[in-house]
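> Next comes the sequence, and after it the predicted model I'd like to discuss.
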Amino acid sequence: MAQPVDQPVAATVQLPKAAELVAAQLRRQIVLGERVEGEMLPPEVQLMSELGVSRPTLRQALRILETELLVTVHRGRNGGTKVNRPSPQVAGRYLGNLLQFQNVTLDDVHTARLLLEPSAIAALAGTLTPAQLAELRALVAAARDETDPAVRREVGGRFHTALVQLTGNPALALFARLVQQLIDAQTARYDNQRQRRNDPSSAGHLLEAHERVIELLEAGAAREAARYWREHLDEVHDMLRRTVDTADVLDLEL
């Protein structure tokens with residue numbers, strides 16, 4: 001007798017909720033610039049008509065976008081919904097929470113930086129225009145002239161991200177900004193707690209490294225520039241270890 005054939009079990013398909021679809025539609029408009037930063041969305045009744053949804057569905061969609069910081073909802077009689085521009089700061093906040101949840105340390109972030117910046121430098125060697133080299137030198141000069149150590153570190157961080165941004169790859173540039181943001185947030189937190197003393201000689205030494213890598217980039221010495229920058233990043237990380245517990249899980253206030 002023929003054996004009964006097992007019937008396939010129907011897979012359960014989770015369909016998006018109406019509010020998620022509406023949020024996705026509005027999100028796309030914001031990301032593509034169809035709704036610009038600072039613009040107020042139409043009143044609820046008009047949006048409900050345009051999108052063909054009920055008031056509860058629209059409000060739930062706006063709450064989704066509000067948690068993503070893509071809109072700011074001002075409630076009350078004279079309220080409204082304002083469009084916000086996506087930014088690395090917002091992305092950094094979400095990334096920081098995720099990394100903290102996954103027990104990522106500053107040592108891990110340093111490793112990511114080592115994989116990113118020297119490779120970018122190797123690609124840049126011999127390709128930078130005089131204007132681009134001048135841009136890097138201007139950052140070094142600005143940091144050297146700065147007397148506030150916190151501002152000087154911020155300018156130094158911009159030098160790191162500028163190196164990657166000059167590759168012309170927007171994805172790499174964003175990653176570099178997020179990595180730098182994580183490092184800045186962690187070190188600033190320790191600076192505030194411990195009131196770390198300003199060390200002009202140390203700052204000057206780091207700026208000399210920035211000047212040297214510019215020279216190597218201008219000379220087209222790709223391999224030497226990448227090696228030199230990797231050593232510089234290791235030195236910076238060693239300096240951080242003296243004041244920051246780099247093996248501890250990130251604790252950020254982004």
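Yep, that arrived.
> all contacts plus neighbour counts: C-alpha atoms, from now on.
Fine.
> Contacts made by stretch 162-170 with the rest, please.
Here stretch 162-170 makes contact (C-alpha atoms under 8 Å, 6 or more residues apart in numbering) with 116-117, 120-121, 123-124, 132, 136, 172-173, 176.
> And stretch 22-41, by the same measure?
Residues outside stretch 22-41 that contact it (C-alpha under 8 Å, 6+ apart) are 47, 51, 58, 61-62, 64-65, 70, 80-86.
> Now tell me which helix or strand of the protein has the poorest mean pLDDT.
helix 88-101 (a mean of 77; mean pLDDT, DSSP states H and E).
> okay, among the contacts of stretch 22-41, which ones form the most distant pair?
L51 and P86 (22.5 Å; C-alpha to C-alpha).
> and the two? which has more neighbours close in?
Between L51 and P86, counted using other C-alpha atoms under 10 Å, P86 has the larger neighbour count: 16 against 12.
> Mind telling me what element that one is part of?
Per DSSP states H and E: P86 is located in neither a helix nor a strand.
> same deal with T246?
Following DSSP H and E, one finds T246 outside all helices and strands.
> what about the strands in the stretch 1-150 of the chain?
Listed in chain order, the strands found in the stretch 1-150 of the chain under DSSP state E, counting those that start in this stretch are 71-74, 80-83.
> And the last one, how far out from the chain middle?
Yep, that's strand 80-83 we're talking about. With C-alpha atoms, centre = their mean, to the nearest Å as the basis, strand 80-83 stands 24 Å off its chain's centre.
> who's in contact with that strand?
Identification of contacts with strand 80-83 by C-alpha under 8 Å, 6+ apart yields 30, 35-41, 43, 70-74.
> Could I get the full set of helices for the stretch 51-200 of the chain?
In the stretch 51-200 of the chain, the helices defined using DSSP state H, counting those that start in this stretch lie at 55-67, 88-101, 106-124, 130-145, 149-165, 170-194, 200-219.
> Which one of those helices lies nearest to H237?
Closest of the helices of the stretch 51-200 of the chain to H237 is helix 106-124, at 7.1 Å (criterion: C-alpha to C-alpha).
> per-residue pLDDT, P4?
P4 is assigned a pLDDT of 55 by the prediction.
> which stretches of this protein aren't confidently modelled?
1-16, 189-201, 252-254 (pLDDT under 70).
> quick one, domains of it?
18-83, 88-241 (automatic domain parsing).
> Quick check: end-to-end length of the shortest one?
Pointing back at domain 18-83 there. Using C-alpha to C-alpha, to the nearest Å, the end-to-end distance of domain 18-83 comes to 21 Å.
> out of the contacts of strand 80-83, who has the most neighbours?
Neighbour max across the contacts of strand 80-83 (other C-alpha under 10 Å) = V71, 26 neighbours.
> Once you drop chain neighbours, what's closest to that one?
Counting by C-alpha to C-alpha, 6 or more residues apart in numbering, V71 lies nearest to V83, which is 4.6 Å off, once chain neighbours are set aside.
> Contact partners for the residue most central in space within the chain?
The residue lying closest to the centre of the chain (C-alpha atoms, centre = their mean) is L178, at 2.6 Å. For L178, the contacting residues are 88-89, 91-92, by C-alpha under 8 Å, 6+ apart.
> List just the nearest of these to L128.
Taking these together and measuring to L128 by C-alpha to C-alpha, the closest member is P88, at 25.4 Å.
> Count the residues that sit near that closest one.
Per other C-alpha under 10 Å, the neighbour tally for P88 reads 15.
> is it true that it touches L174?
Yes - using C-alpha atoms under 8 Å, P88 is in contact with L174, at 7.1 Å.
> Rebuild the helices of the stretch 51-200 of the chain as CSV, extending it with distance to H237.
Listed next are those as CSV, based on distance: least, C-alpha to C-alpha, whole Å:
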stretch, distance to H237
helix 55-67, 34
helix 88-101, 19
helix 106-124, 7
helix 130-145, 19
helix 149-165, 13
helix 170-194, 10
helix 200-219, 12
